[in-house]
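>>> Can you look at this prediction? I've put the sequence above it.
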Amino acid sequence: MSSSTTSLKAYNTLGLAIEAKSVVIADTVEAITTAWHLSQRHSQPFMILGEGSNVLFLEDFNGTVVINAIKGIQLEEHDEAWHLHAGAGENWHQLVEFTLKKGVAGLENLALIPGTSGSAPIQNIGAYGVEFKDVCHYVDILHLPTSDIRRLYRDECDFGYRDSIFKHELKDDHVIVATGLRLTKAWQPVLSYGELTKLNLATTSAWDVFHAVCHTRQSKLPDPRVNGNVGSFFKNPLISGDQLTDLLAQWPAMPHYPQANGDVKLAAGWLIDQCNLKGFSIGGAAVHRQQALVLINQDHATPEQVVALAHTVRQQVGKKFNVWLEPEVRFIGADGERNAVEVIA
């Protein structure tokens, strides 16, 4: 076998100078399974990437990285809803724009989230009061050892906050090849978060929400083409009502969002900001000056510097609030995924 490697710098939005044994651009199911079988024959690690917008490579990858480039969009009108079927390699934001241009509302709150249609279910992406699970109808998955494709409907996906079955039972030998969305015709704008609360519920259109979300994200979040980043680095933490009472006694202005199960979600960016960490850097890795939830590759950062920065942020927030942040981003070692909390603890 050849000892040459391929750079992954263009395939991770943090822009880290990482290499893999091989990189395969796969635009068909057959191309994915062929690459997988080849990696198995050579006893090499194998992983699927979309646009690399939610991964932190800790070191060079010892195997094959497959870029899932399966495309194709079908939109069908039914009596009560629109049904959208998208190949896993479709860019998520472009998919949001596509639906709005067709006069179909429902995805506007999820505008400008980086990544692909196929990575959306893994994280159960969410923003501004809407999560992927709210619009998911099904997810089509490929079983690599058998090449069988099966359809999981929403209730089978075990969606949670930034979580799903695709992070657990189906992580190692299944690949998402398509997503199916159901967008109801009885549309109501979701205006419960951030700048959207300023919009008028009675007159706001889906395009209004889309533009407001885009404006907010673009004003706060760095362009990965300028400063490498993975968007939100940490999850917004969930705490108990009792813990919230204690925290509000000290910090009455702390933003908090009650959840249906009785937990309360805090704003990780606010917690980090209270520790005066905006602009703080270790080597070439820094906390973004506009949005503390985003860690950026400011100047040729190494994975070690990003990890050290994430560790420092977690420790500072933990010491101040006794709230321990967990990374939202997936950490990838030489042979596969690592436990992100353990890496930065």
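Perfect, thanks for sending it.
>>> If you count contacts, what does the strand ranked longest in the chain end up packed against?
Assignment by DSSP state E gives strand 174-184 as the longest strand of the chain. Judged by 3 or more C-beta pairs under 8 Å, 6 or more residues apart in numbering; DSSP states H and E, the packing partners of strand 174-184 are helix 29-41, strand 61-68, strand 81-87, helix 120-123, helix 132-135, strand 136-143. Using the backbone N, CA and C atoms, a C-beta is placed for each residue, glycine as well.
>>> CSV for those, including mean pLDDT, mean neighbour count and distance to residue 227?
CSV is the format used below for the helices and strands packed on strand 174-184 (pLDDT from 0 to 100; neighbours: other C-beta atoms under 10 Å; distance: least, C-beta to C-beta, whole Å):
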stretch, mean pLDDT, mean neighbour count, distance to residue 227
helix 29-41, 97, 16, 32
strand 61-68, 97, 22, 23
strand 81-87, 98, 20, 29
helix 120-123, 96, 26, 21
helix 132-135, 98, 22, 26
strand 136-143, 98, 21, 31
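>>> immediately after the longest strand of the chain, which helix or strand?
Once the chain leaves strand 174-184, the next helix or strand it forms, by DSSP states H and E, is helix 206-220.
>>> follow-up on the earlier one: contact partners of the longest strand of the chain?
Under the contact criterion C-beta atoms under 8 Å, 6 or more residues apart in numbering, strand 174-184 has outside partners 29, 32, 48, 68, 70, 72, 80-88, 99, 104-107, 117-122, 135-144, 149, 151, 166.
>>> could you check the angle strand 81-87 makes with it?
Interaxial angle, strand 174-184 versus strand 81-87 (axes from the mean of the first three to the mean of the last three C-alpha atoms, to 10 degrees): 160 degrees.
>>> What residues sit buried inside strand 174-184?
By neighbour count with 16 or more other C-beta atoms under 10 Å, strand 174-184 contains the buried residues 174-183.
>>> quick one: strands adjacent to it?
The pairing partners recorded for strand 174-184 under DSSP bridges are strand 81-87 (antiparallel), strand 136-143 (antiparallel).
>>> Out of those, the one nearest residue 7 is which?
strand 81-87 (25.6 Å; C-beta to C-beta).
>>> Let's see that closest one as CSV, backbone CA atoms only.
Only the C-alpha atoms of strand 81-87 are listed here, as CSV (Å, rounded to 0.1, in the frame of the first residue of the first chain):
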residue,chain,number,x,y,z
ALA,A,81,-48.1,19.0,4.1
TRP,A,82,-45.2,19.2,1.7
HIS,A,83,-42.9,16.1,1.7
LEU,A,84,-39.3,16.8,0.9
HIS,A,85,-36.7,14.1,0.2
ALA,A,86,-33.0,15.2,0.1
GLY,A,87,-29.8,13.4,-0.6
